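Peer 1: Fold the following for me, if possible:
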Amino acid sequence: MVKPRYQHYRKYTPGPDPLAPPPDLSKAVRAIADDVMFGYSAEQALREYLRRGTEGSEGYDQLAARIAERRQELLQKGNLQGTLNEVRKLLDAAVLAERGQLARDVDMDDLDRSMREMTLENLPNSPAAAVTELGDYDWASNEAREKYDQIRDLIGRELLDQRFDGMKNLLENATDADRAAVAEMLRDLNVLLGKHRAGMATDEDFQQFMSKHGDQFPENPQSIDELVELLAQRSAAAQRLLNSMTPEQRAELMALSAQAFGSEELMNLMGELDANLRGIRPDLDWYGSEPFEGDGDGMGLGEATRAMRDLGRLDELAEAMNAARPDLDLDEVADLLGKEAATSAKTLRDLEKALRESGLLNKGEQGNLQLSPKAMRMLGKELLRDVSTHLASPGRRDSRLAGHTGEPTGSTRPWEFGDTAAWDTTRTITNAIQRNAARGEAGGTSIAIQLSDIEVVETESRTRNAVALLVDTSFSMAMEGRWAPMKQTALALHHLISTQFRGDELTLIGFGLYAQTMTIEELTALPPIQEKGTNLQHALLLADQFFARHVNHDPTLLVVTDGEPTSIITDWGQPYFNWPTDRITLAKTVQALDQVTKRGASPTFFRLGDDPGLVNLLNAMANRSGGRVVAPDLGELGGAVVGEYLRGWF
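Peer 2: Numbering: from 1, shown residues only. Next up is the predicted model:
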């Protein structure tokens, strides 16, 4: 007989769309690179990006806000009076039932009745003291006796519920045998923890304990370490709960604890358990407290301890969120914040993993995270696309002159005496075949080639440029919001030359107190440094050395700055700073400018700022060198620089 097949259904839980496209790494890299250009390290930029989140997904900051809301919700959920209030209700019910029984019992001796009523009338206001005083009271009412016994039972169940989840409900209406089984479990547990604390516990000890008492641990720990972690977290939370109570509440609870199940053994065993756990895990928070301020009847000890433990878990989760750590426990997130939050956390984790595994972020020589060359190319391509929208007239970079060397144009021409260009073999043989056929000489096994048949590949001479981009890296560039646009401009120009004009040479020179030649990676990652100085003279000297190494290239000099020269390199190689610009600084800067213009470079100054001194100085330097000054808006800086390069002042 074929057994029927059953379909199993379960409640739908939200999660990531399995058909959703993979994370858009280009957007992520662009956002990270923007922060890097503003001065963040790549690691910091990645953390900030994950904190902000992506389009359609919460970031770690939003998840941290959820934690704060959940924390406040727990603190306002209730107060710590729950167990004491429940004890008061049971005590009042017991006293009321006893007084009713005394009034109804007409056969009772009047003196006995008077003594009992006096005892009930003079009970202390403290519930714990009242419960203690009634410990030896001979109840006339069976209902009252049951209510009083419920108080002892409640305290015992609440104390156990603090350390063992669900124990309050499990021991409701418990028999003496049930209580004895719990006491035996506590004794065996203390023996196991004592051996573990001394380093003597074995896996066999743990397995024997679980085979005997495993039904009292629904979490089903798989090792003694898991068991200790489970119990220690709860024990520490119970201690923090005790610390959170007022001195009066604490005294009441400790006095009531002695009445648990009508026996002091439970308290002794619980005290030994806490001591073992504190000795094994002293690193946990045993001294903290929380300000529970909720209204209503309050929470019982077990419920309040679970709330206290959840607060501790929320704090640990908040710390992980604040560090934007990818190793978040998604089950923990779902349990504390809900499945939607867990989905967002998973999205962030997967995005970071994809970024690190994509080759877009690499570890540097010192172990620090860096934008990889692949990321730089991707970013340069996007920046160049953005820059192209601001190009008023892209201009031409080619001098298309038919010549003997250069790049093929796709055309051919007849060979001339003295030509050294490569033959176009196909065209040459075709010409010979056609000539022979026209004379009726076709059909032979060989083809005679004459000089008139020969065609050569036509080439064009293409100018080669040596481009020096000098960018101001003084602190004023960062203060005025020009730091990132300057870097974006350099990256766009670098990408254009490295991908489309590979015959050209580019050098990037940053100048602050002194100047230095940098790679595009170094410039992109350069943080703003709070130092004084705008050393254009040193930058011009480095540009002159660059042009000297490329004498067969046409020199192109591009200078981006927002300040007058205030620093130079002295003859002995030390930076000299003076503000405002003095005669020595100006003379040395002009001398360096004259030196570089002798190589045929006509500089273009890109002025960022409207300071009259800067305007007059750059205009004068441009007039002296045959260059010009461009004053673009920040958003148009990249287009202005790339456009100037494409116009190719040659």
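Peer 1: got the CA coordinates for stretch 535-551 in PDB?
Peer 2: This file holds the C-alpha atoms of stretch 535-551, laid out as PDB (Å, rounded to 0.1, in the frame of the first residue of the first chain):
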ATOM      1  CA  ASN A 535      54.400  75.600  -1.800                       C
ATOM      2  CA  LEU A 536      53.800  76.200  -5.500                       C
ATOM      3  CA  GLN A 537      57.500  76.800  -6.000                       C
ATOM      4  CA  HIS A 538      58.400  73.200  -5.000                       C
ATOM      5  CA  ALA A 539      55.600  71.800  -7.100                       C
ATOM      6  CA  LEU A 540      56.800  73.700 -10.200                       C
ATOM      7  CA  LEU A 541      60.300  72.400  -9.600                       C
ATOM      8  CA  LEU A 542      59.000  68.800  -9.500                       C
ATOM      9  CA  ALA A 543      57.000  69.400 -12.700                       C
ATOM     10  CA  ASP A 544      60.100  70.800 -14.400                       C
ATOM     11  CA  GLN A 545      62.000  67.600 -13.500                       C
ATOM     12  CA  PHE A 546      59.000  65.500 -14.900                       C
ATOM     13  CA  PHE A 547      59.100  67.500 -18.200                       C
ATOM     14  CA  ALA A 548      62.900  67.000 -18.400                       C
ATOM     15  CA  ARG A 549      62.400  63.200 -18.300                       C
ATOM     16  CA  HIS A 550      59.900  63.500 -21.200                       C
ATOM     17  CA  VAL A 551      61.600  65.800 -23.700                       C
END
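Peer 1: Return the set of buried residues in it.
Peer 2: For stretch 535-551, burial by neighbour count (16 or more other CB atoms under 10 Å) applies to 535-544, 546-547, 550. Every C-beta, even on glycine, is put in place using the N, C-alpha and C of the backbone.
Peer 1: Filter these down to the ones in helices?
Peer 2: Of the buried residues of stretch 535-551, the ones assigned to helices by DSSP state H are 536, 537, 538, 539, 540, 541, 542, 543, 544, 546, 547.
Peer 1: Would you mind putting those residues into a markdown table with pLDDT and distance to residue 101 alongside?
Peer 2: A markdown table is the format used below for those (pLDDT from 0 to 100; distance: CB to CB, whole Å):
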| residue | pLDDT | distance to residue 101 |
| --- | --- | --- |
| 536 | 93 | 104 |
| 537 | 92 | 107 |
| 538 | 94 | 103 |
| 539 | 93 | 103 |
| 540 | 94 | 108 |
| 541 | 94 | 108 |
| 542 | 95 | 105 |
| 543 | 94 | 107 |
| 544 | 94 | 112 |
| 546 | 94 | 107 |
| 547 | 92 | 112 |
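Peer 1: Return the closest of these with respect to residue 581.
Peer 2: Minimum distance to residue 581 across these is 10.2 Å, recorded for residue 536 (CB to CB).
Peer 1: Three-state assignment for the residue nearest to that closest one when sequence neighbours are not counted, please.
Peer 2: Among residues not flanking residue 536 along the chain, residue 565 sits closest, at 4.4 Å (CB to CB, 6 or more residues apart in numbering). Taken by DSSP: H, G, I helix; E, B strand; the rest coil, the conformation at residue 565 corresponds to coil.
Peer 1: So residue 565 is in contact with residue 581, correct?
Peer 2: Yes: if you go by CB atoms under 8 Å, residue 565 and residue 581 touch, sitting 5.9 Å apart.
Peer 1: between these two, who's got more neighbours?
Peer 2: The neighbour comparison of residue 565 against residue 581 (other CB atoms under 10 Å) goes to residue 565, with 28 against 18.
Peer 1: what pLDDT does the more buried one get?
Peer 2: Here the pLDDT value assigned to residue 565 is 92.
Peer 1: For residue 63, see how far away it is.
Peer 2: Distance, residue 565 to residue 63, using CB to CB, to the nearest Å: 50 Å.
Peer 1: For the chain, just list every one of the strands.
Peer 2: Applying DSSP state E to the chain gives strands spanning 361-363, 369-371, 401-403, 407-414, 455-461, 465-472, 505-511, 515-518, 554-561, 567-569, 575-577, 604-607, 628-630.
Peer 1: Let me see the contact set for residue 357.
Peer 2: Listed by CB atoms under 8 Å, 6 or more residues apart in numbering, residue 357 has no contact partners.
Peer 1: Distance of it relative to residue 81?
Peer 2: From residue 357 to residue 81 the distance is 53 Å (CB to CB).
Peer 1: and if you look at residue 121?
Peer 2: Counting by CB to CB, the gap from residue 121 to residue 81 is 25 Å.
Peer 1: Between the two, which is the more surrounded one?
Peer 2: More crowded of residue 121 and residue 81, by other CB under 10 Å: residue 81, with 22 against 9.
Peer 1: okay, the more buried one: pLDDT?
Peer 2: Reading off the confidence values, residue 81 has pLDDT 75.
Peer 1: cool, and the one 3 residues further on?
Peer 2: Here the pLDDT value assigned to residue 84 is 80.
Peer 1: What is the burial count for it?
Peer 2: Look at residue 84: counted by other CB under 10 Å, it has 22 neighbours.
Peer 1: rewinding a little: contacts only, for the residue nearest to residue 536.
Peer 2: Here residue 565 is in contact with 534, 535, 536, 537, 581, 585, 586, 589, 617 (CB under 8 Å, 6+ apart).
Peer 1: correct me, but the last one touches residue 563?
Peer 2: No: with the criterion set as CB under 8 Å, residue 617 and residue 563 do not qualify as a contacting pair; they are 9.7 Å apart.
Peer 1: Please state the backbone phi and psi of residue 535?
Peer 2: phi -100, psi 80 (degrees, to the nearest 10).
Peer 1: Contacts only, for the residue lying closest to it once chain neighbours are set aside.
Peer 2: For residue 535, ignoring the flanking residues on the chain, the nearest one in space by CB to CB, 6+ apart is residue 567 at 3.9 Å. Listed by CB under 8 Å, 6+ apart, the contact partners of residue 567 are 512-514, 532-535, 537-538, 575-578, 585.
Peer 1: of these, buried ones?
Peer 2: The neighbour-count test (16+ other CB under 10 Å) marks 512, 513, 514, 533, 534, 535, 537, 538, 575, 576, 585 as buried among those.
Peer 1: wait, the fourth one sits on residue 577?
Peer 2: Think residue 533. Yes: using CB under 8 Å, residue 533 is in contact with residue 577, at 4.8 Å.
Peer 1: Now do the shared contacts for the two.
Peer 2: Among the neighbours of residue 533, those also in contact with residue 577 (CB under 8 Å, 6+ apart) are 513, 566, 567.
Peer 1: Relative to residue 474, how far out is the closest residue to the first one other than its chain neighbours?
Peer 2: Looking back up the chat, that one is residue 513. Of all residues not flanking residue 513 in the chain, residue 533 sits nearest, at 3.3 Å (CB to CB, 6+ apart). Applying CB to CB, the value for residue 533 to residue 474 is 6 Å.
Peer 1: just residue 428 next, same as before
Peer 2: For residue 428, the distance to residue 474 (CB to CB) stands at 61 Å.
Peer 1: Compare those two (neighbour count), which wins?
Peer 2: residue 474 (25 against 18).
Peer 1: any low-confidence regions in the stretch 551-650 of the chain?
Peer 2: 648-650 (pLDDT under 70).
Peer 1: one step back: closest to residue 501 out of the buried ones among the contacts of residue 567?
Peer 2: So of these, ranked by how close each gets to residue 501 (CB to CB), first place is residue 538, at 27.3 Å.
Peer 1: for stretch 608-622, the distance to its chain's centre please.
Peer 2: Put simply, stretch 608-622 sits 43 Å off its chain's centre (CA atoms, centre = their mean, to the nearest Å).
Peer 1: what comes up buried for that stretch?
Peer 2: 608, 609, 614, 617, 618, 621, 622.
Peer 1: Isn't the third one up against residue 606?
Peer 2: In other words, residue 614. No: if you go by CB under 8 Å, residue 614 and residue 606 don't touch, sitting 11.8 Å apart.
Peer 1: anything in contact with each of the two?
Peer 2: Shared contacts of residue 614 and residue 606 (CB under 8 Å, 6+ apart): residue 561.
Peer 1: Contact partners for the nearest residue to residue 482 once chain neighbours are set aside?
Peer 2: Using CB to CB, 6+ apart and skipping residues adjacent in sequence, the residue nearest residue 482 is residue 608, 5.3 Å away. Applying CB under 8 Å, 6+ apart to residue 608 gives the contacts 472, 477, 480, 482, 560, 561, 562, 631, 632, 634, 637.
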